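Undergrad: sharing a model prediction with you, sequence too.
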Amino acid sequence: MTVGVWEAFWLIVHREMRLSFRRPEQLLQPLVFFLIVTTLFPLGLSLQLSLLRDISPGVLWVAALLSSLLSLDSLFKSDADDGTLEQLALSGQGLTVIVVAKTVAHWLVTGLALVLVSPIVGTALGIPTDAFATMLLSLALGTLTLSWLGAIGAGLTIGLRRGNVLLSLIVLPLAMPLLIFGAGATDRAISGTSAMGALYLLAALCVFTCTLAPFAAAAALRITLE
Amino acid sequence: MWTWFYKLASPPYVYGVAAALMPWFLGVAILTIGYGLIGGLVFAPPDYQQGDAFRIIYVHVPSAWMSEFVYTTMAVAGAIALIWRIKVGHAVAAASAPIGASFTLAALVTGSMWGKPMWGTYWAWDPRLTSELILLFLYVGVMSLRSAFEDPARGDRAAALLAIVGAVNVPIIHYSVVWWNSLHQAATVAKLGKPSIAGSMLWPLLSMFVGFMLFYGAVLCLRLQGEVLNRERQSAWVREAIKS
Amino acid sequence: MNSSGGFWYMGGYARYVWPCIGFACLVLVWNLWSARRYLAAAKIRAARALAMVASEAQ
């Protein structure tokens, strides 16, 4: 009985979700890191809330970036360690489907979680509530793009010594345009001007990455698993 | 004609070609860079707006161009190596990376020093400068990734993939001054049609471009020989080759 | 020709122009030096590897 592509996709997503929720503490770690990092800035700068508003988009985005990087470790590593990744690769489904399923599942439990927590963080940083819609949308698009860039990086660095540092070194330069547009969109929403331009660019980046990154990430896995 | 191309995939052939070409590349490079520097620093008239500070263009613009050109070469060589499994491609990519990184650093440093008298600041977070800085990080990432693998062949392949992914940045650098309102000056030379710069200023600049390209060729030949040797240490032809 | 003040003065911009030219030349020289060293080291390593193979074959 051969399994169709969509069926394989949902099977893997389902598996990833179940594995993730088996250890809820692991899910909370990036979120707590997100909260802690955003706390560091007001503490370090001791600014009034109204002044904090000016730097809040940047702080929010840098924190989201770093939290996502932290969680990327779990994307392929545990499966690579116990041999499941090789089994999946040999399953005949094609690495691309597997990579798409794993990355989507990963985004659902990390990126999306960041997006849902962001209103709390936004309030702590003094972001006005009418900017929240833009903030949520930009973070949703941004974290999805980031999950994909991270998938490429994670695929390339599985099993390397100090792979975490190397992963950050690889992913962060690629994520810089994302940061510029994402923070820019929220910044414009806060100051009252239209964020549509930045949001469109962010969406374009997201679509571009979501279309091409699966092939790059699958190629990365092929290189690592060979 | 294609036999010449196929021969390039052979490590001993490439080693020999690189060894033979290097002195020629270096010699002409020194001549053209010498002419460019003398022409630009001594004979070109001072700029109407920038005075003598504009002379930095003779090192800054060729460096910036090389930083993009070498990265593209590295990415293309890596792609050729990945797709057609031609190992010499990996050697070219590995050899090019430190050269390109040094040009990127030169572009950033000379640009920064040019920015101070012109814009009043050593740095600005504008699209052209930011994307050039990202290019430097990409170079470092590619070099780090290659060296992190214990199996050099796997390291080559991973670095090639990363170089290809990062190649998206190169058009962004190039067109950043077109797409955004940038502090950085728009294209003066590479525009099609009449370049908006005087002849006595232009020729030394073009000479510097040619000189830097040939210089890259010379240094590439040297490093490529080293890379090929490192990858083919066990082969029989190496014994004869290293006697020179 | 240069504006007033002479060649080294660079019209007042000397402290920007000359470090730039200097740094660029430094980068070029470093490239050559570093590449030569790399090739020399590669030749030594290759010679060593060949010597090992030869001694193993005996």
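TA: Received, thanks. Numbering: from 1, shown residues only, chains lettered A, B, ... in the order given.

Undergrad: shaky segments in chain C?
TA: Within chain C, the ranges that satisfy pLDDT under 70 run C:1-5.

Undergrad: centre-most residue in it?
TA: Of all residues in chain C, the one closest to the mean position by C-alpha atoms, centre = their mean is C:W30, 2.1 Å from it.

Undergrad: can you tell me the element it falls in?
TA: helix C:14-57 (DSSP states H and E).

Undergrad: just the buried positions in stretch B:134-149, please.
TA: Buried residues in stretch B:134-149, counting neighbours by 16 or more other C-beta atoms under 10 Å in any protein chain shown, are found at B:134-146, B:148-149. C-beta: built from backbone N, CA, C; applies to glycine.

Undergrad: that should have said stretch B:40-54, apologies.
TA: B:G40, B:L41, B:A44, B:P46, B:D47, B:Q50, B:G51, B:D52, B:A53, B:F54.

Undergrad: you'd agree the residue nearest to the centre of chain C is up against B:S102?
TA: Yes: in terms of C-beta atoms under 8 Å, C:W30 counts as a neighbour of B:S102; the distance is 6.5 Å.

Undergrad: picking up where we left off before, how close does the residue nearest to the centre of chain C sit to B:A107?
TA: As for C:W30, its distance to B:A107 is 15 Å (criterion: C-beta to C-beta, to the nearest Å).

Undergrad: ok, now C:R37?
TA: Taken as C-beta to C-beta, the span from C:R37 to B:A107 is 24 Å.

Undergrad: looking at the two, which is more packed in?
TA: Taking neighbours as other C-beta atoms under 10 Å in any protein chain shown, C:R37 and B:A107 compare with B:A107 leading, 28 against 12.

Undergrad: my guess is the more buried one contacts B:E132. True?
TA: Yes: the pair B:A107 and B:E132 qualifies as a contact (C-beta under 8 Å) at a distance of 6.1 Å.

Undergrad: what do the two both touch?
TA: Here B:A107 and B:E132 have B:A64, B:S67 as joint contacts, going by C-beta atoms under 8 Å, 6 or more residues apart in numbering or on different chains.

Undergrad: enumerate the residues of chain B near chain A.
TA: B:82, B:130, B:134, B:137-138, B:140-141, B:144-145, B:148-149, B:154, B:157-158, B:161-162, B:164-166, B:169, B:172 (C-beta under 8 Å from any C-beta of the partner chain).

Undergrad: spatially, what comes nearest to A:G159 if we skip its sequence neighbours?
TA: Leaving aside its sequence neighbours, A:G159 sits nearest to A:A80 (C-beta to C-beta, 6 or more residues apart in numbering or on different chains; 6.1 Å).

Undergrad: so the one you found versus B:M66, what's the distance?
TA: 38 Å.

Undergrad: ok, these two, which is more surrounded?
TA: B:M66 (24 against 18).

Undergrad: the one helix or strand the more buried one maps to vs helix C:14-57, what angle?
TA: In this assignment (DSSP H and E), B:M66 forms part of helix B:57-84. If you take axes from the mean of the first three to the mean of the last three C-alpha atoms, to 10 degrees, helix B:57-84 sits at 30 degrees to helix C:14-57.

Undergrad: quick check: buried residues in helix B:57-84?
TA: For helix B:57-84, burial by neighbour count (16+ other C-beta under 10 Å) applies to B:57-82.

Undergrad: same check on stretch A:215-225?
TA: A:A216, A:A217, A:A218, A:A219, A:A220, A:L221, A:I223, A:T224, A:L225.

Undergrad: same check on stretch A:99-109?
TA: In stretch A:99-109, counting by 16+ other C-beta under 10 Å, buried: A:V99, A:V100, A:A101, A:K102, A:T103, A:V104, A:A105, A:H106, A:W107, A:L108, A:V109.

Undergrad: number of nearby residues for residue 179?
TA: Assuming you mean chain A. 18.

Undergrad: wait, chain B
TA: B:W179: 11 neighbours (other C-beta under 10 Å).

Undergrad: B:T121 sits in which helix or strand?
TA: For B:T121, there is no helix or strand it lies in under DSSP H and E.

Undergrad: now stretch A:130-147 - C-alpha only, CSV.
TA: Output of stretch A:130-147 as CSV, limited to C-alpha atoms (Å, rounded to 0.1, in the frame of the first residue of the first chain):
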residue,chain,number,x,y,z
ASP,A,130,-3.8,49.5,17.2
ALA,A,131,-0.4,48.4,15.9
PHE,A,132,-1.0,44.9,17.1
ALA,A,133,-2.6,43.7,13.9
THR,A,134,0.5,44.7,11.9
MET,A,135,2.7,43.3,14.5
LEU,A,136,1.0,39.9,14.6
LEU,A,137,0.9,39.7,10.8
SER,A,138,4.5,40.7,10.3
LEU,A,139,5.6,38.2,13.0
ALA,A,140,3.6,35.4,11.5
LEU,A,141,5.1,36.0,8.0
GLY,A,142,8.5,36.6,9.5
THR,A,143,8.7,33.5,11.7
LEU,A,144,7.5,31.3,8.9
THR,A,145,10.3,32.7,6.6
LEU,A,146,12.7,32.2,9.5
SER,A,147,11.7,28.6,10.0
